[in-house]
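Participant: can't give you the sequence, but here's the structure:
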């Protein structure tokens, strides 16, 4: 299965060698997967060099992930920051914030995620990532609630973050904060969009 995934990523890059998103996905596979099924940091490093001329932000992101895999956290932080400087995208800020969360630096994580929100004028799926990271860090529930509501009100919703799942995520946040009525409303909104979505039904039963 993993080899099929790798082959699919490699085909995507071959079909469009300048597709930064496809190259980034392939690089993530190389970093995470063992050599036995086609992974390897050397492959990821070569790919980052190939990506650099046309998508420098993606190249720096891959180099950051490689450095983190090697436990070189100073280099990883520097590369994530370079990805932000070059790209100025919400996703680059989210990656930096998530790095700080993993490193146990919640204040820096929140600051980076605030910058991600400011950069995300489309209010796309990056907002859901912001909320998820804040939840994992147990920080800024008000901000997490805000970004989820912004996403649900946005015209930029996508399959990357289906609205029914986001309603449940928001409902869980409200339930944790003691707002059972608000949580029920979100779970019911999820079921209105996906009547068979089990997590929403289970969540209502737990209220």
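Facilitator: Nice, thanks for sending it over. These numbers were taken from a predicted model, which means no experiment stands behind them.
Participant: Would you indicate which residues of stretch 150-164 are buried?
Facilitator: By 16 or more other Cβ atoms under 10 Å, the buried positions in stretch 150-164 come out as 150, 151, 152, 154, 157, 161, 162, 163, 164. For glycine as for every other residue, the C-beta is placed from the backbone atoms N, C-alpha and C.
Participant: Please apply the same query to stretch 172-190.
Facilitator: Applying 16+ other Cβ under 10 Å to stretch 172-190 flags 172, 173, 174, 175, 182, 183, 184, 186, 187, 189, 190 as buried.
Participant: Show me where this structure has its helices.
Facilitator: Taking DSSP state H to define them, one finds helices in the chain at 2-15, 20-32, 41-51, 56-69, 73-87, 90-102, 106-119, 126-137, 141-152, 163-176, 180-193, 198-206.
Participant: how about these in TSV, adding mean pLDDT?
Facilitator: Formatted as TSV, the helices of the chain follow (pLDDT from 0 to 100):
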stretch	mean pLDDT
helix 2-15	51
helix 20-32	85
helix 41-51	93
helix 56-69	96
helix 73-87	97
helix 90-102	97
helix 106-119	97
helix 126-137	96
helix 141-152	98
helix 163-176	98
helix 180-193	98
helix 198-206	97
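Participant: got the contact list for the spatially most central residue of the chain?
Facilitator: Nearest to the geometric centre of the chain sits residue 129, at 4.6 Å (Cα atoms, centre = their mean). If a contact means Cβ atoms under 8 Å, 6 or more residues apart in numbering, then residue 129 has 91, 94, 98, 116 as its contacts.
Participant: Break this structure into its domains for me.
Facilitator: Split into domains by automatic domain parsing, the chain comes to 1-87, 162-207.
Participant: Ok, which of those comes nearest residue 140?
Facilitator: Evaluated over those, closeness to residue 140 peaks at domain 162-207, with 11.1 Å, by Cβ to Cβ.
Participant: first to last residue in the closest one, what's the distance?
Facilitator: This stretch, domain 162-207, spans 23 Å end to end (Cα to Cα, to the nearest Å).
Participant: gap between that domain and the chain center?
Facilitator: Chain-centre distance of domain 162-207: 21 Å, with Cα atoms, centre = their mean, to the nearest Å.
Participant: Quick check: residue 175 vs residue 161, distance?
Facilitator: To residue 161, residue 175 is 20 Å away according to Cβ to Cβ, to the nearest Å.
Participant: about what we covered before: turn the domains of the chain into JSON lines, including distance to residue 134.
Facilitator: What follows is the domains of the chain, written out as JSON lines (distance: least, Cβ to Cβ, whole Å):
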{"stretch": "domain 1-87", "distance to residue 134": "18"}
{"stretch": "domain 162-207", "distance to residue 134": "9"}
